[in-house]
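# quick one, structure for this:
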Amino acid sequence: MATFCTGTVIGAVARGFRRLLAGRLARGLGELLITAGVLVALFLAYQLWVTDLFAERTQDRLHHQLVEQWSRPVAPRPPAVGHPLPTLPPVPLGDGVAILRVPRFGRDYAPVVVQGVSVADLRRGPGHIPGTAMPGQLGNFVVSGHRTTYGKPFSRLDELKVGDPIVVEVQDRYYTYRVTGSEIVLPNRLDVTYPVPKRPGAAPSKELITLTTCHPKFSASHRLIVYGELVDTTPKSAGPPPVLREE
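I've put the predicted structure just below:
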C-alpha cells in the first residue's frame with residue numbers, strides 16, 4: 001500500500017510539473033507571437049507611412065532646388081546631332097531631372113524625377129534610368145518608381161489608359177506624351193527600356209517615354225510597364241500646355 005501511495009504522489013507531482021512547464025511554454029510562445037506581431041505591425045507602419053513622410057520632405061527639397069535652378073537664365077542648348085530637339089546637360093545622380101505631371105492623377109500630382117535608379121535614388125522619387133534618353137530626346141525616356149512605399153509615386157500607374165497625357169516639365173519647356181499602351185512583364189525584361197522597346201539594336205525614330213513599377217502592389221514578382229510617345233513640345237514662355245490648363 002505504501003509503495004502504491006508513493007507512486008501515486010510521484011505521478012501526480014510529475015503531471016503537475018508537466019502542466020506547469022506546458023503552461024509556461026505556452027505563455028512564452030504567446031509572448032513571442034505577440035512581440036513578433038508588434039514588430040511586423042511596426043515594420044508595416046514604417047514601410048507604408050513613415051517612408052512616405054521621408055519621401056515628402058525629400059520631394060519638397062527637390063522641388064525647391066529645381067525652382068531655384070530653373071530661375072537662372074537658360075543657357076543656349078545646341079540641337080542633338082541629326083535631330084532638331086535640343087540636348088540637356090548631364091545631371092548628377094540623385095538630383096532632379098524634371099517634374100512629372102499626369103492630369104489623370106490630379107492637379108497636385110507633380111513628383112520630381114531624379115537621376116538614377118539605385119535604392120537610395122528611388123527613395124527620393126521616381127528615377128530616370130541613366131543611359132536612356134533625356135526628356136524630349138530621340139529614344140526612350142525611362143522612369144521607374146515605387147508603387148507602395150517612399151511616397152508611392154506610381155501607385156496609380158495601372159489607371160492610365162491609351163491616349164492619356166503625360167507631361168514632363170524641364171527648365172524651359174513642357175514635353176507632352178500620350179500613352180500608347182501597357183503590359184505586365186517579368187523583372188528580367190530589360191528590353192522594354194531599349195531606345196525602341198523590345199527591339200534590340202533598332203535605331204529610334206521617335207521620342208518615347210516608358211514608366212515602370214512593381215506589379216502587383218506589395219509584390220515584386222512582375223513589372224507594370226506603361227509606354228508613351230511625344231506629341232507636343234510647349235515653350236514655357238507660351239504657358240502650360242492645353243492638357244494642364246484643362247485640369
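# how about low-confidence regions in the protein?
1-18, 20-23, 25-26, 28-49, 74-88, 247 (pLDDT under 70).
# the helices in it, which residues?
2-45, 51-70, 119-124, 242-245 (DSSP state H).
# buried ones in the shortest one, by neighbour count?
By 16 or more other C-beta atoms under 10 Å, the buried positions in helix 242-245 come out as 243, 244. Every residue, glycine included, has its C-beta placed from N, CA and C.
# by contact count, what packs against it?
strand 165-169 (3 or more C-beta pairs under 8 Å, 6 or more residues apart in numbering; DSSP states H and E).
# contacts for the strand it packs on?
98-103, 110, 113, 135-136, 141, 160, 174-179, 209, 211, 228, 241, 243-244 (C-beta atoms under 8 Å, 6 or more residues apart in numbering).
# so what strands line up beside that strand?
With DSSP bridges as the test, strand 165-169 is paired with strand 96-101 (antiparallel), strand 173-185 (antiparallel).
# then the shortest one to CSV, C-alphas only?
Extracted in CSV, the C-alpha atoms of strand 96-101 (Å, rounded to 0.1, in the frame of the first residue of the first chain):
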residue,chain,number,x,y,z
GLY,A,96,16.3,66.4,-60.0
VAL,A,97,15.8,65.9,-63.8
ALA,A,98,12.3,67.0,-64.4
ILE,A,99,8.8,67.3,-62.9
LEU,A,100,6.3,64.7,-64.0
ARG,A,101,2.7,65.7,-64.4
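# any idea how far it is from the middle of the chain?
13 Å (C-alpha atoms, centre = their mean, to the nearest Å).
# circling back: and of the strands paired with strand 165-169, who's closest to residue 59?
Comparing the strands paired with strand 165-169 against residue 59 with C-beta to C-beta, the closest turns out to be strand 96-101 (9.4 Å).
# in the closest one, what's buried?
Those would be 96, 97, 98, 99, 100, 101, for strand 96-101 by 16+ other C-beta under 10 Å.
# again, but for stretch 160-176
Quick answer for stretch 160-176 (16+ other C-beta under 10 Å): 160, 164-171, 173-176.
# hmm, back to that, in a markdown table: the strands paired with strand 165-169, plus distance to residue 63.
Formatted as a markdown table, those follow (distance: least, C-beta to C-beta, whole Å):
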| stretch | distance to residue 63 |
| --- | --- |
| strand 96-101 | 8 |
| strand 173-185 | 16 |
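# distance to residue 222 added to the buried residues of stretch 160-176, as a markdown table?
Putting the buried residues of stretch 160-176 into a markdown table (distance: C-beta to C-beta, whole Å) gives the following:
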| residue | distance to residue 222 |
| --- | --- |
| 160 | 17 |
| 164 | 21 |
| 165 | 26 |
| 166 | 21 |
| 167 | 27 |
| 168 | 25 |
| 169 | 30 |
| 170 | 31 |
| 171 | 35 |
| 173 | 34 |
| 174 | 32 |
| 175 | 28 |
| 176 | 29 |
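# farthest-separated two in those?
160 and 171 (25.7 Å).
# what number of residues lie near the residue nearest to residue 245 when sequence neighbours are not counted?
The shortest distance from residue 245 to any non-neighbouring residue, by C-beta to C-beta, 6 or more residues apart in numbering, is to residue 239 (7.4 Å). Neighbourhood size, residue 239 [other C-beta atoms under 10 Å]: 11.
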